[in-house]
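J.: I need the structure of the sequence given here:
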Amino acid sequence: MKKLTRRSLLRAVALSPVMSLIKPRSDNRPVLMIRRPTDIRIEEVSYQFEDFLYRAPYQFGGRTVDRVTIVNVNCVVRTVGGRVAKGFGSMTLGNMWAFPSRVMSYDITLGAMKALAERINKITGDYKETGHPIDINWALEPEYLKAAQELSQQLKLAAPIPKLCTQVTASAFDAAIHDAFGKAHSRNCYRTYGPDLMSHDLAYYFGSNFNGEFLDRYILKKPVPRMPVYHSVGALDPIVESDIKQRINDGLPETLPEWIHYNGITHVKIKLNGEDRDWDVERVIRIDRAVAETQKQRGVKQWKYLLDFNENCANVDYLLDVLNRIKKATPTGFNMIQYIEQPTARDLRANRNNVMHEAAKLRPIVIDESLTDLENLLLAREMGYTGVALKACKGQSHAMLMAAAAQKYKMFLSVQDLTCPGASLIHSAGIASHVPGVAAIEANARQYVPAANKPWEDKFPGIFKIKDGTMDTSGLNKPGLSAVL
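T.: Down below sits the predicted model:
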């Protein structure tokens, strides 16, 4: 028998999980918390903002965006075992999408998000418990939501900061923690979701339906090497040359055919009005005509459309009517529709009559703005939704957990962005390439805010220089979230 020395004893103790206090899981059953030597504690966290103007305005859901504020987060973590690592996260504060308002100005809602970022930074920096990044986010999100509620009252906002907005504001902080955790263990983040590093199976977050299932069951350890890219056509975007009133002349494409030739685009996201059936139908017909003609020139026979109403349809009857009219006007174009994104209001509970069962017989109907937690995912399924849009802007922890739940319930999967530039696009691409079955990734910062991508293009050409309509995601296997300049 090998002699047990003081050094080997201390090493064995250091490598053994330490039992800690008992906390309830999602179904309120108590579980014994485990403090692992691989767990991390946040030692430092800081943030700063960047501002960029769009090269051209982007209109969706009746709202027009012409600028972006990005929050960049740096953090330092230390494992229980003593390793120190730095992490970085970045996300656009898309207030027009995350905190839409008809009575509050752009500056007011953006100001609220900036003020919330300050609160989130303090809450995160003050958190001294150890854990896996997903457990840290699980513990902190209620505090973030509480801070958002208090801030809404203090600022006397006309409407409270929504949960979705809080998640968007917190997402860069969550990303930085995941990034640091991966680097602390010299692993890509998508290799950190198994029982060797996580203390809990998915039942801890979702209940007994997930007993014994760890997150790595639903995540690819290696990225899919290439992902189709959805090119967005905003409601103001010119389709063909005759739509251009004055050219930008910055060297980038300006019409849809030009973009198709430039990037080899095969997937087109069509932003629709949701309040004018004739306009919506005509918009799809015109885009389909331009795409079909251009793809014929290129010898391409298959392509895809995504219809996005940005929750503006009053009801499912509007959607069904638009789809039927499109099918009648252009059967081939209708067959190219891959899925439909969030056609009606995001507040599912307040709009229970907007069921999607009939529409879902035609194409997958995907929730986007509504997807803030498992409760809403399950409610959406009950109402006939058949797919989910995963987004880096809701947080890495959120995306991973929702990806697992969506696969468990056999839902259609997509990854959409929030005009994510730079590190946030790399983050988004990481999600798309590591979640099995994701249909495609949206990446439209290259269209609307290319200046924010410039520092990243030469370091990550596969992500930022689209060829053959696809993104090269094969290199997203570096430590952390892979976004290292």
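J.: Report how many residues lie close to A380.
T.: The criterion is other CB atoms under 10 Å. On that basis, A380 has 22 neighbouring residues. The way it works is simple: take the backbone N, C-alpha and C, and place the C-beta from them, glycine included.
J.: And for the one 5 residues further on?
T.: By the criterion of other CB under 10 Å, Y385 has 28 neighbours.
J.: low pLDDT regions in this structure?
T.: Low-confidence segments of the chain, defined by pLDDT under 70, span residues 1-34, 484-485.
J.: longest strand of it?
T.: Here the longest strand in the chain is taken by residue count, with DSSP state E as the criterion, and it is strand 40-60.
J.: Could you identify the helix or strand that succeeds that strand?
T.: As assigned by DSSP states H and E, the chain's next helix or strand after strand 40-60 is strand 63-79.
J.: That following strand packs against which elements?
T.: Under the contact definition 3 or more CB pairs under 8 Å, 6 or more residues apart in numbering; DSSP states H and E, strand 63-79 sits against strand 40-60, strand 84-92, helix 95-98, helix 106-126, helix 163-184, helix 422-434.
J.: any chance of those in TSV, plus mean neighbour count?
T.: Converted to TSV, those look like this (neighbours: other CB atoms under 10 Å):
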stretch	mean neighbour count
strand 40-60	17
strand 84-92	24
helix 95-98	23
helix 106-126	18
helix 163-184	28
helix 422-434	28
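J.: Run through the bridge partners of V45.
T.: Each beta-bridge partner of V45 is listed here, defined by DSSP bridges: C75.
J.: Go ahead and confirm it touches N72.
T.: No: proximity of V45 to N72 does not meet the contact threshold set by CB atoms under 8 Å, at 11.7 Å.
J.: would you list every one of the strands in the chain?
T.: 18-24, 30-35, 40-60, 63-79, 84-92, 226-233, 267-271, 304-308, 337-341, 365-367, 387-390, 412-415, 441-442, 470-472.
J.: so what does the shortest one touch, helix or strand wise?
T.: For strand 441-442, the packing partners by 3+ CB pairs under 8 Å, 6+ apart come out as strand 226-233, strand 412-415, helix 422-434.
J.: Nearest to I108, out of these?
T.: Smallest distance to I108 across the helices and strands packed on strand 441-442 (CB to CB): 23.5 Å, for helix 422-434.
J.: I'd like to know how many residues surround E143.
T.: Per other CB under 10 Å, the neighbour tally for E143 reads 16.
J.: Dump the C-alpha coordinates for stretch 426-435 into CSV.
T.: What follows is the C-alpha trace of stretch 426-435 in CSV, where atoms were taken according to Å, rounded to 0.1, in the frame of the first residue of the first chain:
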residue,chain,number,x,y,z
ILE,A,426,-18.2,35.6,-32.0
HIS,A,427,-20.2,34.7,-28.9
SER,A,428,-23.3,34.3,-31.0
ALA,A,429,-21.5,32.1,-33.5
GLY,A,430,-20.2,30.0,-30.7
ILE,A,431,-23.7,29.2,-29.6
ALA,A,432,-24.9,28.5,-33.1
SER,A,433,-22.0,26.1,-33.8
HIS,A,434,-22.2,24.2,-30.5
VAL,A,435,-26.0,23.6,-30.2
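J.: returning to what we had before: can I get the strands of the chain in a markdown table with distance to T109?
T.: Output for the strands of the chain, formatted as a markdown table (distance: least, CB to CB, whole Å):
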| stretch | distance to T109 |
| --- | --- |
| strand 18-24 | 35 |
| strand 30-35 | 38 |
| strand 40-60 | 15 |
| strand 63-79 | 11 |
| strand 84-92 | 14 |
| strand 226-233 | 22 |
| strand 267-271 | 20 |
| strand 304-308 | 21 |
| strand 337-341 | 22 |
| strand 365-367 | 22 |
| strand 387-390 | 22 |
| strand 412-415 | 25 |
| strand 441-442 | 23 |
| strand 470-472 | 31 |
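J.: Out of those strands, which gets nearest to D347?
T.: Distances from D347 to each of the strands of the chain were compared by CB to CB, and the smallest falls on strand 365-367, at 11.8 Å.
J.: ok, back up a step: present the helices and strands packed on strand 63-79 as CSV; the columns should include distance to R247.
T.: Listed next are the helices and strands packed on strand 63-79 as CSV, based on distance: least, CB to CB, whole Å:
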stretch, distance to R247
strand 40-60, 11
strand 84-92, 26
helix 95-98, 26
helix 106-126, 27
helix 163-184, 34
helix 422-434, 26
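J.: hang on, the earlier thing: output the contacting helices and strands for the longest strand of the chain.
T.: Checking 3+ CB pairs under 8 Å, 6+ apart, strand 40-60 ends up next to strand 63-79, helix 106-126, helix 133-154, helix 163-184, helix 445-448.
J.: Leaving out chain neighbours, which residue sits closest to the residue with the shortest distance to the centre of the chain?
T.: With the centre of the chain defined as its mean C-alpha position, the nearest residue by CA atoms, centre = their mean is K391, 1.0 Å away. Counting by CB to CB, 6 or more residues apart in numbering, K391 lies nearest to Q416, which is 5.7 Å off, once chain neighbours are set aside.
J.: What residues does that neighbour make contact with?
T.: Residues counted as contacts of Q416 (CB atoms under 8 Å, 6 or more residues apart in numbering) are 230, 341, 368, 389-391, 442.
J.: what's the answer for E129, then?
T.: For E129, the contacting residues are 41, 136, 139, taking CB under 8 Å, 6+ apart as the criterion.
J.: quick one, domains of the chain?
T.: Listed by automatic domain parsing, the domain ranges of the chain are 37-189, 215-472.
J.: P195 is nearest to which of the ones you listed?
T.: Put simply, out of the domains of the chain the one that sits nearest P195 is domain 215-472, at 7.8 Å, with distance taken as CB to CB.
J.: now do the same end-to-end measure for the closest one.
T.: Counting by CA to CA, to the nearest Å, you get 25 Å between the two ends of domain 215-472.
J.: hang on, the earlier thing: just the contacts of Q416 now: which is nearest A172?
T.: Out of those, the one with the shortest distance to A172 is K391. That distance is 12.9 Å, counting by CB to CB.
J.: From L476, how far out is the closest one?
T.: Relative to L476, K391 is positioned 17 Å away (CB to CB, to the nearest Å).
J.: re the thing from before, closest one to G194 among the strands of the chain?
T.: Smallest distance to G194 across those (CB to CB): 14.4 Å, for strand 30-35.
J.: what about A147, how many residues close to it?
T.: Using other CB under 10 Å as the criterion, A147 is surrounded by 22 other residues.
J.: Run a quick neighbour tally on L413.
T.: In terms of burial, L413 registers 22 neighbours under the definition other CB under 10 Å.
J.: Hmm, A405 and it touching each other?
T.: No: under the criterion of CB under 8 Å, L413 is not in contact with A405, lying 10.9 Å apart.
J.: Can you give me the neighbour number for S370?
T.: Here the number of neighbours of S370 (other CB under 10 Å) works out to 25.
J.: Tell me how far the residue lying closest to it once chain neighbours are set aside lies from A403.
T.: Once flanking residues are discounted, S370 sits nearest to R346: 4.9 Å by CB to CB, 6+ apart. Distance, R346 to A403, using CB to CB: 20 Å.
J.: Then G111?
T.: Taken as CB to CB, the spacing of G111 relative to A403 amounts to 32 Å.
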